[in-house]
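> Quick one: sequence plus predicted model below, questions after.
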Amino acid sequence: MSAVAARTRMPGPQRFRAMANTVGWGIVAWVVGIAFFLPVLWMVITAFKPESAAETWPPKFTFSPTLAQFRLVFSGWGPYVIHSLIATTVSTLLVLLLGIPAAYALSVHPVKHWRDGLFFFISTKMLPIVAVIGPLYVIALHIHLLDSIWLLILLYTAMNLPLAIWMVRSFMLEVPNEMLEAARLDGAGRIREMTEVIMPVISPGLVSTALICVIFAWNELFLALNLSVTNAATLPMFLISSVPQEGLYIAHLSAAATVASVPVILVGWIAQRSLVRGLSMGAIK
Amino acid sequence: MTVLEDLAPPPKVDVEPRSASRREAWQRRLPLLPALIYTIVVTQIPFLVTLWYSFQNYFFDVPAPARWTGLSNYKTVFTNAAFRGALVRSVVMTTTAVIVAMILGVAFALLLDRKFLGRSVVRTLIITPFLVMPAAAALIWAGPMLDPNFGLLNYLLQPFGVHHVAWLSTHALGSVIVVMIWQWTPFMTLIVLAGLQSQPTDALEAAKVDGAGALATFRELTLPHLRPYIELGILLGSIYLVNVFDAVRLMTNGGPGTDTTNLPFYLYQQVNNAFDIGGAAAAGVVTVILTIIVATFALRMFARVFQFEESS
C-alpha cells in the first residue's frame, strides 16, 4: 500500500477522492448493467415457472422451479429448429464461398473499379427488402420456391453477403505485404497465395464473419413469415405459434424465447471482441 | 460517382504497368464475378419486377391476371393518408430510437471506459439485449414486462405512483420505440467504446496537466475524436432500425388503429391482408426512391468514415 502511495505521490485526501470516484462510478455502471439485463433475466426466470405462477399480481419471485415449459418447447420445436439450423448454416457457408473470393478481388489484387464494387454491395443493404415483399412472393410462387427452405437460404445469403465482403476485405488488407511477396518469390500462383498465405492468416477473421452471419440469419423473421408456412417455418415463427389466442401462455412463451435466444447470446458473449468489428463491417478494428 | 473518390486506396495496390494484359484483368475480375452476379440476380431482379407490378392492377386474391393501369397505383400512394402516416411514423420511430440509443450508448461507453470491479461482466450484461432474437424481445416485452395485470414494469414503477398501466394500448408507439432502443443501445455502446479506447492518452493527460475540467476535456477532445464513430453508429443503426418489423408485428400489430404502423408493417399489410400486389409495389418503389435519396448522403458519410479509419 505504502509503496503504491509513494509511487503515485498523491496526498491522502486526494487519493481517497479518486478511490471514492472509482467505486461510485463502478456502482453506477453495475446498476445500469443490471437494469439493462433485467428483461432477459426476467425471461429466464419466468421460463422456470409453472404457468399459474407466471401471471400473478404482484409478480412472484419465489416459486418452485419446473422444467415443464422446456419439456413442452422441446416436444414441439423439432421442425422449426431444423429449418433454422439449415437456413443459418447453409446460407453462412454460401456467404463465405462467394464472399471470400470477392473480398480478394477487392483488396489483394483489386479489380479496376474496386470502389464501385464495394459501394454496390453496401448499397444493396440500404435498399429496404420490405419494399419488394409482394413481388418477391409472386416470383417465389412462379419458380416454385414458396414455403421452401431454399428460398430463405438464397435470400439470407444475399442479405449477409455485403457485410461479409466488407468484413473479410478488412481482414485481407491486414495480411502483411512481405508475406505475400515472399510467397510470390517462391513462385506461388494466386491459388497458392490464397490457400497458403492469406487463408491461414485471416481464419480468425473468417470465424467472426461467420458468427455475424449466423446471428442475422438465425434471428430473421420478416422474410420467413412472409414466404413460408410450414415447410420452411423457422424458430422466430415457432415463438409466434407459442402465443395462443386464449389461455395462460407466459411461462411457455418465456421458455420458448429463452431456448431460441440462448444460442446467439452465447455465441455473442464468446465473440464480444469481434462483434464490434463485424457490426461496423470492418471499419473499427 | 465522385463520392467514391474519397475512399482511401487499399495499402497493397500492385502498381501494374498500363500494358497489363486482358488476361490479367480477367484473372482479377474472375473471383468477384460469382458474388457480383449473385447479388445482382437476387437483389436487383425483385426490384425490376416491383417496378413492373407498380404499373399493374393485380390483386392476389382474384383470379384475373395483372392488367396495365399506368400511374393509378402511384396516384393512390400519393393521395393515401395511410401511406403518408406510415412514412412519417417510420421517420419518427427511426430517428427517436437512433438518437436516444446513441445518447445512452455514449453514456454507457463512458461508464465502461473506466476501470472498476467486474467491468467485463457489466459490459457483457449491457451487450446482451442486442443478442436477444428480436422476435423474442418483442414478445417478452409485450407479455412478462409490459402486461397491465402482471407485468414486471408496472410492479417496479408502483412506488412512483404507476398502477396497472396498459402500456401497449395507451403508449403503443413509445413502447415499441423503447424496445428498439433497448435492443440497439448495446450496438451504439460497443462502437463508441471502441472509439474511446482508441483515443490517444497523452492528449488527455496534457489537458489534465493544463487543468482542464472533465466536461471541457470531453467537449473539446473526446467528442471530436468520437465523431466518426458516432456517425458510423447512427448510419448503421438507421439502416437496420428503419426496417424494424418484428417489434411492431408482435407487440402492437400496428395498432391501436394505425398508431404504430410503420412502412415495413404497412407494406406487409398491403400484401397479406389487402392482397394488393400493385399497390404494395408502387408504395415499395416510392420507398426505394426515398431510400436512395437518403442513402446517397449515407454513402458519402460512409466514404468519409472509412477513409478516416483506413488512414489512421
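Perfect, I can see it now.
> now the helices: where do they sit in the stretch 151-300 of chain B?
Listed in chain order, the helices found in the stretch 151-300 of chain B under DSSP state H, counting those that start in this stretch are B:152-157, B:167-170, B:172-197, B:201-209, B:214-217, B:223-241, B:246-247, B:263-272, B:277-311.
> what separates the longest one from the chain centre, distance-wise?
The reference is to helix B:277-311. Its chain's C-alpha centre and that of helix B:277-311 lie 12 Å apart, by Cα atoms, centre = their mean, to the nearest Å.
> close to chain A, is that helix?
Yes. Residues of helix B:277-311 contacting chain A under Cβ under 8 Å from any Cβ of the partner chain: B:277, B:280-281, B:283-285, B:287-288, B:291-292, B:294-295, B:298-299, B:302-303, B:305-306, B:309-310. Where you see a C-beta, it was placed from the backbone N, CA and C, and this is true even at glycine.
> ok so, going back, pipe the helices of the stretch 151-300 of chain B into JSON lines and attach mean neighbour count per row.
Shown next, in JSON lines, are the helices of the stretch 151-300 of chain B (neighbours: other Cβ atoms under 10 Å in any protein chain shown):
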{"stretch": "helix B:152-157", "mean neighbour count": "18"}
{"stretch": "helix B:167-170", "mean neighbour count": "17"}
{"stretch": "helix B:172-197", "mean neighbour count": "23"}
{"stretch": "helix B:201-209", "mean neighbour count": "12"}
{"stretch": "helix B:214-217", "mean neighbour count": "12"}
{"stretch": "helix B:223-241", "mean neighbour count": "20"}
{"stretch": "helix B:246-247", "mean neighbour count": "28"}
{"stretch": "helix B:263-272", "mean neighbour count": "23"}
{"stretch": "helix B:277-311", "mean neighbour count": "20"}
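> how about those in TSV, adding mean pLDDT?
Converted to TSV, those look like this (pLDDT from 0 to 100):
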stretch	mean pLDDT
helix B:152-157	94
helix B:167-170	93
helix B:172-197	95
helix B:201-209	84
helix B:214-217	86
helix B:223-241	89
helix B:246-247	95
helix B:263-272	89
helix B:277-311	79
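> any idea which residue sits dead centre in chain A?
A:I215 (2.4 Å; Cα atoms, centre = their mean).
> Check which helix or strand the closest residue in space to that one that isn't next to it in sequence maps to.
Distance criterion Cβ to Cβ, 6 or more residues apart in numbering or on different chains; nearest residue to A:I215, sequence neighbours excluded, is A:V264 at 5.3 Å. Assigned by DSSP states H and E, A:V264 falls within helix A:250-270.
> And for A:G282?
A:G282 belongs to no helix or strand, assigned by DSSP H and E.
> my read: it touches A:I165, true?
No. With contact defined as Cβ atoms under 8 Å, A:G282 does not reach A:I165; the gap is 9.4 Å.
> Comparing the two, which shows the higher neighbour count?
A:I165 (32 against 26; other Cβ atoms under 10 Å in any protein chain shown).
> chain center to stretch A:20-34, what's the gap?
Counting by Cα atoms, centre = their mean, stretch A:20-34 comes out at 28 Å from the chain centroid.
> Please apply the same query to stretch A:172-187.
32 Å.
> Ok, stretch A:138-147 next?
So, by Cα atoms, centre = their mean, the centroid of stretch A:138-147 is 28 Å from its chain's centroid.
> Show me which residues of that stretch are buried.
If you call a residue buried by 16 or more other Cβ atoms under 10 Å in any protein chain shown, then stretch A:138-147 has these buried ones: A:138-140, A:145-147.
> just those that are near chain B?
With Cβ under 8 Å from any Cβ as the criterion, the members of those in contact with chain B are A:138-139.
> contacts for the host helix or strand of A:S52?
A:S52 belongs to helix A:51-54 when elements are defined using DSSP H and E. By Cβ atoms under 8 Å, 6 or more residues apart in numbering or on different chains, the surrounding residues in contact with helix A:51-54 are A:46, A:60, A:63, A:69, A:248-252, A:254, B:144, B:150.
> Repeat the analysis, applying 6 Å as the threshold.
A:46, A:60, A:63, A:248, A:250-251 (Cβ atoms under 6 Å, 6 or more residues apart in numbering or on different chains).
> which one of those residues has the most neighbours?
A:T46 (29 neighbours).
> How confident is the prediction for that residue, by pLDDT?
Confidence at A:T46, expressed as pLDDT, is 95.
> Toward the C-terminus, what is the element adjacent to the helix-or-strand element of chain A with minimal mean pLDDT?
Taking mean pLDDT, DSSP states H and E as the measure, chain A has helix A:2-8 as its least confident helix or strand, at a mean of 48. For helix A:2-8, the following helix or strand on the C-terminal side (DSSP H and E) is helix A:12-47.
> Let me know the angle separating that following helix from helix B:172-197.
140 degrees (axes from the mean of the first three to the mean of the last three Cα atoms, to 10 degrees).
> counting contacts, what elements does helix A:12-47 pack onto?
Under the contact criterion of 3 or more Cβ pairs under 6 Å, 6 or more residues apart in numbering or on different chains; DSSP states H and E, helix A:12-47 touches helix A:250-270, helix B:119-131.
> Deepest-packed of the ones you listed, please.
Neighbour counts (mean count of other Cβ atoms under 10 Å in any protein chain shown) averaged over each of the helices and strands packed on helix A:12-47 peak at helix A:250-270, with a mean of 22.
> Specify the next element, helix or strand, located C-terminal of that helix.
Next along from helix A:250-270, by DSSP H and E: helix A:272-279.
> Run through who's touching that next one.
A:167, A:208, A:212, A:284, B:190, B:194.
> How about stretch B:201-221?
Under Cβ under 6 Å, 6+ apart, the answer for stretch B:201-221 is an empty list.
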